[in-house]
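**Student:** sequence below, structure please.
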Amino acid sequence: MSPQDAPLKILFVTSELSPLISTGGLAEVAGSLPRALRAQGHDVRVIMPCYRGIPDRYRGEPYCLCEAELGGQTQYGQMRQSTVPDSDIPLYLIEHEGYFGREKPYGVGASEYSDNAERFCFFCLAVLHAVPQLHWQPDVVHCHDWHTAALPVFLRTRYEASPLWGSTPTVFTIHNLSFQGRYGVDKLPSTGIDVGLFQDGRIEYRGDINLLKGAIAFSTKINTVSPRYAEEIQTLEYGDGLDGMLRTRAADISGILNGVDYDIWDPETDPHIPANYSETDLAGKAACKKALQATFGLPQRDVPLFGILSRLYWQKGLSLAADVLDRLVGMDAQLAVLGTGDPELEARFSQAAARYPENIGVALRFDVALSHQVLAGSDFLLMPSRYEPCGLAQMYAMAYGTVPIVRRTGGLADSVRDLNPVHRKHGNATGFSFVPMTSQALGRAVEEAAALFKKNAEFQKVRRADMAEDFSWDRSCQQYVELYREAIASV
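**Tutor:** From the prediction side, this is the model:
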């Protein structure tokens, strides 16, 4: 076996892991990518905080003590050893009751914990202190989002002379650039980060600490969760103030589209939906549609059924969807909304459902089983995001033969082929996409979808093209392995 093909030792550092702790796509990636790497023979191990919300049966056993020096004070914790659920992948949990024994991972409601900078800097330092006690040395450390951003900083400063860590490369994945770990400079002493890094600008942004900026400065390689988003974040429009910094690292930035775990998202085997079906036998999808209409209190009629499965936040562009509700009802279409978030958006959809009870149904909650049913029972899925680093719902929808309607940005642009004349000619169109961030543009896309619905033969052709798409982790996993090898070769 050549060195280029040799299995890698990969340390996966994350603040979330599905199914243990999840607030979004990060947890899905952390739960799926290590499994794909393990299936290819790599020695991948995952480490994360030991939150109170993790069930006791997954906490494993205490393994060793760990410590972190923060602002002249030493904080002590311990590392527990377990396994990622339903796998043989080692899982290590950094335990500290004061930092992680709380109700939620990051904060309660709309307010984050005031000491989050300290909490996650402790986590990063505890990882660097505890892992050597495993007598296992990773070839590469893969960090995710701002919660782990201090680790590459510490590794290249405080641990630069360490026999284990000194030459270890880091790959840093930006799942959403909008969340940067930005805090007032008064928090700096409690982070344990050298004040010189603030003074020379590497972790400073407009007078604040910016942990993500530090990761951009110190990581060996940087990647995002789609190729298009890797380009977008280097622009003024999408760079969230860090576009200039990112352009200085352009040669080390890449984008890898997230994958789909088809063991979970497969209409042939999905236990959450009322009838299973496949690309070659779509009969069950009609049954799923009728069941979804019944669940949302909608008449069981053969009209276009649009679905929304999303957090109801500004980023998701759902104010545009709320703007076109009258237009959608005027087309004699139906809409099923599942999600929770911004009270104003919740109110707009709820009020529309009250006005049009035969056309609009709303469930303002998080519901795993119902999310599968929305994907299986809808004809179309609306995702008019203002920006979307990757997006997973559109890929899940395609697996269920539900045609996505997306704004052409980030991972939505990378995963959905528009029903334009070229793709229609080649028979490989998979959805509708639009560019202007306007309700008029979304409304036109909705009208085009309703028109497609009436052309049954063409609609079924697009539906089957969706179901034939392969977004499995195998392809993305191999791209990550190549990125790891590039990082290793560059140090």
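**Student:** tally of neighbours for the residue nearest to Gly361 when sequence neighbours are not counted?
**Tutor:** Nearest residue to Gly361, sequence neighbours excluded (C-beta to C-beta, 6 or more residues apart in numbering): Phe296, at 2.7 Å. (C-beta placed from N, C-alpha, C; glycine too.) By the other C-beta atoms under 10 Å criterion, the neighbourhood of Phe296 contains 24 residues.
**Student:** got it, and Trp165?
**Tutor:** Neighbours of Trp165 under the rule other C-beta under 10 Å: 21.
**Student:** quick one: the nearest residue to it once chain neighbours are set aside from Tyr76, how far?
**Tutor:** Of all residues not flanking Trp165 in the chain, Tyr159 sits nearest, at 4.2 Å (C-beta to C-beta, 6+ apart). Per C-beta to C-beta, to the nearest Å, Tyr159 is found 19 Å from Tyr76.
**Student:** those two - which one has more neighbours?
**Tutor:** Tyr159 (18 against 11).
**Student:** and the more buried one, what does it touch?
**Tutor:** 128, 165-166 (C-beta atoms under 8 Å, 6 or more residues apart in numbering).
**Student:** where's the dip in pLDDT among those?
**Tutor:** Of all these, Gly166 carries the smallest pLDDT score, 89.
**Student:** could you look up the SS state of that residue?
**Tutor:** coil (DSSP: H, G, I helix; E, B strand; the rest coil).
**Student:** residue contacts, it?
**Tutor:** Applying C-beta under 8 Å, 6+ apart, the residues contacting Gly166 are 159-160.
**Student:** how about 10 Å then?
**Tutor:** By C-beta atoms under 10 Å, 6 or more residues apart in numbering, Gly166 lies in contact with 155-156, 159-160, 491.
**Student:** let's see which of those end up in helices.
**Tutor:** Taking DSSP state H as the definition of helices, these contribute 155-156.
**Student:** only the buried subset of the contacts of Gly166, as a PyMOL command please.
**Tutor:** To isolate the buried ones among the contacts of Gly166 in PyMOL, judged by 16 or more other C-beta atoms under 10 Å, type:
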select buried, resi 155+156+159
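**Student:** okay, the contacts of Gly166 in JSON lines with distance to Gly339 and pLDDT next?
**Tutor:** Shown next, in JSON lines, are the contacts of Gly166 (distance: C-beta to C-beta, whole Å; pLDDT from 0 to 100):
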{"residue": "Leu155", "distance to Gly339": "38", "pLDDT": "97"}
{"residue": "Arg156", "distance to Gly339": "40", "pLDDT": "96"}
{"residue": "Tyr159", "distance to Gly339": "42", "pLDDT": "95"}
{"residue": "Glu160", "distance to Gly339": "45", "pLDDT": "93"}
{"residue": "Val491", "distance to Gly339": "43", "pLDDT": "85"}
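**Student:** and Ala399, how many neighbours?
**Tutor:** Count around Ala399 with other C-beta under 10 Å applied: 24.
**Student:** ok, it to Leu305 distance?
**Tutor:** Taking C-beta to C-beta, one finds Ala399 at 17 Å from Leu305.
**Student:** what helix or strand is the residue lying closest to Asp115 once chain neighbours are set aside on?
**Tutor:** Leaving aside its chain neighbours, Asp115 sits nearest to Ser190 (7.1 Å; criterion: C-beta to C-beta, 6+ apart). Assessed by DSSP states H and E, Ser190 sits inside helix 188-191.
**Student:** am I right that Gln81 is in a helix?
**Tutor:** No. Assessed by three-state DSSP, Gln81 does not belong to a helix; its assignment is strand.
**Student:** give the contact list for the closest residue to it other than its chain neighbours.
**Tutor:** Among residues not flanking Gln81 along the chain, Tyr63 sits closest, at 4.1 Å (C-beta to C-beta, 6+ apart). Residues in contact with Tyr63, defined by C-beta under 10 Å, 6+ apart, are 78-82, 92-93, 130, 133-134.
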